[in-house]
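Participant: structure for the following, please:
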Amino acid sequence: MPDLPTLVNVKWKLQPVTFDNPAEAYGTGFVGAYADPEGLERLGDAVVKAGGMWAASDVCGAYGMMEQGKGKLCSIAHEIMKAFGPDSCCAIKGQITGDCVAHGLRSAILGTLSTAINHGLSGRPITTPDGIQHGVLATEPTWWLRGYNGDGWSCPESLEQAMHGIGAVSRRPFPEIGMDFTKYPTEIRRYGAQHPPEKVVEALGGHRVETVTRAKSFEEVRDLVASGFALQTCGSEGFATTRDDNGVAHRSGRWAHSMAVLACDDRDEAKKLYGGPLLLFQNSWGRAWQGGGRKIIGTTLEIPPGSFWARWSDVSSRFYSAVATVKRWEPRKLPDLGLADLI
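Facilitator: Okay, the predicted model is just below:
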């Protein structure tokens, strides 16, 4: 597991917290994501028992993904914007409490779902213009399944709940249970220690994550992204609140935090500038928490608001898990956006 606080060490911080400046809260010790070795083992067992492959090396080998992203710029973020519009990749309202794990998971599910939609493998979920502005998919229902009333959660536990409890929920009204998830947050603390009633889980649990796979190397993360599968990630690395001209953020401090990986840049020009490849992290702190450049090196494209490039050398120890919305890991083969201006 990544260098995160363990559950035993963070119990005293698992308290309801509301904050106006997430970067400051996380930077001063707030625990939004913690290490969970038992949850990791349990999730891996659940994936295997369901007939899936827990190791990304197995998935990439079995489905012909190996080297799919080699030397390329591939972006699931731009697949999201293609499916739902330019404002869909980052919710207009940043997290109001320590529910980052649910946000990281939501962004990963949305990324994988968007590539499936764009490749004709899935229908488009019903939502509204306001729902798109607030992230397309709701974070609150999965967050309700964490099992306690405080903040902080583990990535493995959230993935297990998304597989067996509640996964993708459109930001729209659900009149059958008297709830409207169009805007974040919707009754964010209604459930926690108290499990939602079965009628609520039944109404919202129709689109679960089918399987997940754990990636341990850059090549595995790269090839999963290039094949259309977004990843949830947890770790302890903090980053600057200003990006450089190319959208890259440098390490700064520590955050016990979860985000999503939505793009990879393995081109020589990126590696020459930064000493290695880059991953695009989508954060859950709104569209304006971080300033600076957003233009992607050598293209006319921009990364979404609220996101930043990180050097692999800065984030190699994090927990990464890709999500699939169908049983099989059929690659979607994203275009090389490094060639976008020539297409």
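
Participant: all helices of the stretch 151-300 of the chain, in order?
Facilitator: Remark: helices assigned in the stretch 151-300 of the chain by DSSP state H, counting those that start in this stretch are 155-164, 198-204, 218-226, 268-274.

Participant: out of the ones you listed, which is the most enclosed?
Facilitator: Highest mean neighbour count among the helices of the stretch 151-300 of the chain (mean count of other CB atoms under 10 Å): helix 218-226, with a mean of 27. In this view, the C-beta of every residue, glycine as well, is placed from N, C-alpha and C.

Participant: just checking, what packs against that one?
Facilitator: Contacts defined by 3 or more CB pairs under 8 Å, 6 or more residues apart in numbering; DSSP states H and E place helix 218-226 against helix 56-62, strand 73-75, strand 211-215, strand 231-239, strand 251-265, strand 319-324.

Participant: show me where the stretch 51-200 of the chain dips below the pLDDT cut-off.
Facilitator: For the stretch 51-200 of the chain, no stretch is flagged by pLDDT under 70.

Participant: now the strands for it?
Facilitator: 73-75, 173-174, 179-180 (DSSP state E, counting those that start in this stretch).

Participant: on that earlier part again, among the helices of the stretch 151-300 of the chain, which is nearest V48?
Facilitator: Nearest to V48 among the helices of the stretch 151-300 of the chain is helix 155-164 (12.4 Å), distances taken as CB to CB.

Participant: just checking, what packs against that closest one?
Facilitator: helix 37-49, helix 100-118, helix 140-143, strand 211-215, strand 231-239, strand 319-324.

Participant: quick check: bridge partners of the residue positioned nearest the centre of the chain?
Facilitator: Residue closest to the average C-alpha location in the chain (CA atoms, centre = their mean): A260, at 2.7 Å. A260 has these beta-bridge partners by DSSP bridges: Q232, Q282.

Participant: distance of it from G39?
Facilitator: 19 Å (CB to CB, to the nearest Å).

Participant: do I177 as well
Facilitator: Look at I177 and G39: by CB to CB, they are 28 Å apart.

Participant: for those two, indicate the residue with more neighbours.
Facilitator: In terms of neighbours (other CB atoms under 10 Å), G39 is the more surrounded of I177 and G39; the figures are 20 against 15.

Participant: pull the number of nearby residues for I126.
Facilitator: Counted with other CB under 10 Å, I126 comes out at 10.

Participant: wouldn't it be in contact with V169 here?
Facilitator: No. Using CB atoms under 8 Å, I126 makes no contact with V169, being 11.1 Å away.

Participant: and of the helices of the stretch 151-300 of the chain, who's closest to G247?
Facilitator: For the helices of the stretch 151-300 of the chain, proximity to G247 was assessed by CB to CB; helix 268-274 is nearest, at 10.7 Å.

Participant: now find how far off-centre the closest one is within its chain.
Facilitator: Taking CA atoms, centre = their mean, to the nearest Å, one finds helix 268-274 lying 25 Å from the centre of the chain it belongs to.

Participant: how about the backbone phi and psi for A310?
Facilitator: phi -130, psi 140 (degrees, to the nearest 10).

Participant: could you report the neighbour count for it?
Facilitator: For A310, the neighbour count with other CB under 10 Å is 22.

Participant: spit out the contact partners of E220.
Facilitator: Applying CB atoms under 8 Å, 6 or more residues apart in numbering to E220 gives the contacts 56-57, 60, 320.

Participant: how does it look with 7 Å?
Facilitator: Neighbouring residues of E220 by CB atoms under 7 Å, 6 or more residues apart in numbering: 56-57, 60.

Participant: ok, now how distant is it from S313?
Facilitator: Distance from E220 to S313, by CB to CB: 16 Å.

Participant: coming back round to it: select, out of the strands of the stretch 51-200 of the chain, the one closest to A230.
Facilitator: Smallest distance to A230 across these (CB to CB): 10.4 Å, for strand 73-75.

Participant: now do the closest one: which elements does it pack against?
Facilitator: The contact analysis (3 or more CB pairs under 7 Å, 6 or more residues apart in numbering; DSSP states H and E) places strand 73-75 against strand 251-265.

Participant: buried set for the strand it packs on?
Facilitator: Neighbour-count burial for strand 251-265, counted by 16 or more other CB atoms under 10 Å, picks out 254-265.

Participant: before we move on, the earlier item: these two touch, right, the residue nearest to the centre of the chain and F229?
Facilitator: No. The pair A260 / F229 is not scored as a contact, 11.4 Å apart, by CB atoms under 7 Å.
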